[in-house]
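Asks: give the three-dimensional model of this entry:
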Amino acid sequence: MPLHDVGYRVWEGVKSWRLCRWWVVAVVGIQLAFRSSWLSRTLVFSWIPAIGIGMGFFAYEQSIVNPQLRVGLANLVLLASGDRGLSQTVLQSPASVRHEVWSSLVMAFFRYPQAIMMLIVVGIVSPKLVSYDLRNRGYLLYFSRPIRIWEYMLGKSFILWFFLAMITTIPALGLYVVGVLLSPQLDVVWLTWDIPLRILAASCALMLPTAAVALACSAMTIESRYAAFSWFALWVVGWVSYSILSFGERMNDLQVRVQMQAGSPRPGRQLLLGSDFQSRWELLSPYHLLGRVQQWMFGMYPADREIWPYLLLLVVVTLVSIWFVHRKLRSRLHS
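Replies: A predicted model of the protein is given here:
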C-alpha cells in the first residue's frame, strides 16, 4: 500500500493557551513519578510525623488546664524555636502564648521530620527529570512543539513542588485546622490568622531553592544515578562540614550552659537544650540554611541576629541553579 501526503501538516485542532503549556509537562511528569512504588510508600510514611505534631497541639490545649503536661511541652517548644523565654512562659501561662506555641509546633514539623522526608522524596523524583531527557534526547520531542525553555523548566519544577506540597504544605495546614478544632476559645482564628500565610511562605522558601538545585543536579549529567548521588552528597557534605567547623563553638556553648546550670538554684529543672545555638558555619549546610529562613518566616528568629546573609545566599543559590539549567538546555538545542 503506497504512502502519500507524508510531511508536516497544519494543526487544525484547538491549541492550548500558551501560558498553560508547561502544565502538560508537569502532568506527564507527575504521572510517571507515581509509577515508583518507593515514592508512594514514602509519601504515605511522610504523613506519620503529622500525627505526632497533632498530639503536640492536643497536649498544648490540655496543658492549659493540666499543668503536668507543661514541662514536656516546654521542652518541645524549646527544641523547635530555641526561645528559652517562650519555654518558660509555657511553664507558667501557656494560654498567653498560643500563637507562638502553634508557630513553634508547625515549624518543628517543617524543620525536623519533613526536612528528611523532603530529602528522600526529591532524591527519588528529581534525578530523572532532566537527565533522562538529555540521555534519550527526549528534550527534542518537547522543543519540537511551540514550547520555550522556561516553560519546560517550569513544568519540571512544578513536579517537585507538587510532591513537596503533599508532604509539607498540606499536612501543615491540616495541623492548623486541628489546632483550631481543639481550641476551646472561639477567637482562636483571629489570634492565629497569619499562621496559614506563614506556612505558605515557609513552603515557598523550601520549594523554590530545592527544586532549582535538584534540577541543576539532574541537568548536570545524563546518568540519573549520578544526579541522585550529587543531590544527597550536597546535603551530607554540607551537614558534615558544618558539624566539623562548628564543633569548637558548640563545645564552648555547652560549657557555658553547664556552668549556668551549676549556679542555678534548681539545676534539675533547668532546660539545657542547645537548639538556640547559632554558628556562622550554618551557611555551608543547606539543612541549617533553610531551617533558619523558615524560623524567620514563622517569627521565631532571634531579634538580635541578622537574617539577611541566609536570605541572600538562598536567593543566589536559586538563581545560579536556574541559570545553569537554562544554559545547559540552550546549549543542547544549539549544538
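
Asks: what residues are up against Thr210?
Replies: Residues near Thr210 by CB atoms under 8 Å, 6 or more residues apart in numbering: 118, 122, 160, 164, 290. For glycine as for every other residue, the C-beta is placed from the backbone atoms N, C-alpha and C.

Asks: what about the closest residue to the first one other than its chain neighbours, which helix or strand?
Replies: Nearest non-adjacent residue to Met118, counting by CB to CB, 6 or more residues apart in numbering: Leu164, 6.2 Å away. Element membership of Leu164 [criterion: DSSP states H and E] is helix 149-164.

Asks: who's in contact with that helix?
Replies: Contacts of helix 149-164 from elsewhere in the structure, counted by CB under 8 Å, 6+ apart, are 21-26, 29-30, 33, 39, 43, 118, 121-122, 125-126, 129-130, 139, 142-143, 203, 206-207, 210-212, 214-215, 322, 325-326, 329-330, 333.

Asks: first vs last residue of stretch 141-158, how far apart are they?
Replies: Terminal residues of stretch 141-158 are spaced 19 Å apart (CA to CA, to the nearest Å).

Asks: buried ones in it, by neighbour count?
Replies: Counting neighbours by 16 or more other CB atoms under 10 Å, one finds that the buried residues in stretch 141-158 are 142-143, 147, 149, 151-158.

Asks: is Arg145 in a helix, a strand, or coil?
Replies: Assigned by DSSP: H, G, I helix; E, B strand; the rest coil, the conformation of Arg145 is coil.

Asks: what residues are up against the nearest residue to it once chain neighbours are set aside?
Replies: In this structure, Arg145 finds its nearest non-sequential neighbour in Arg21, 8.0 Å apart by CB to CB, 6+ apart. Contacts for Arg21 were tallied using CB under 8 Å, 6+ apart; they are 145-147, 151.

Asks: same question for Pro196.
Replies: Per CB under 8 Å, 6+ apart, neighbours of Pro196: 173, 176.

Asks: that one and Leu181: what is the separation?
Replies: From Pro196 over to Leu181 the distance is 14 Å, taken as CB to CB, to the nearest Å.

Asks: just Glu306 next, same as before
Replies: Relative to Leu181, Glu306 is positioned 38 Å away (criterion: CB to CB).

Asks: check Ser224 too.
Replies: 43 Å.

Asks: between those two, tell me which one has more neighbours.
Replies: Ser224 (18 against 10; other CB atoms under 10 Å).

Asks: isn't that one right next to Val130, touching?
Replies: No - judged on CB atoms under 8 Å, Ser224 makes no contact with Val130 at a distance of 9.3 Å.

Asks: overlap of the contact sets of those two?
Replies: Contacts common to Ser224 and Val130, judged by CB under 8 Å, 6+ apart, are Ser218.

Asks: now the host helix or strand of Ile53: buried residues?
Replies: Applying DSSP H and E as the criterion places Ile53 in helix 48-63. By 16+ other CB under 10 Å, the buried positions in helix 48-63 come out as 49-50, 53-54, 56-57, 59-61, 63.

Asks: how far does stretch 17-33 sit from the chain's center?
Replies: Taking the mean of its C-alpha atoms, stretch 17-33 sits 22 Å from the chain's own mean (CA atoms, centre = their mean, to the nearest Å).

Asks: ok, back up a step: out of the contacts of Arg21, which comes closest to Gln114?
Replies: Within the contacts of Arg21, proximity to Gln114 (CB to CB) peaks at Glu151, which comes in at 29.2 Å.

Asks: quick one: the closest one from Trp323, how far?
Replies: 17 Å.
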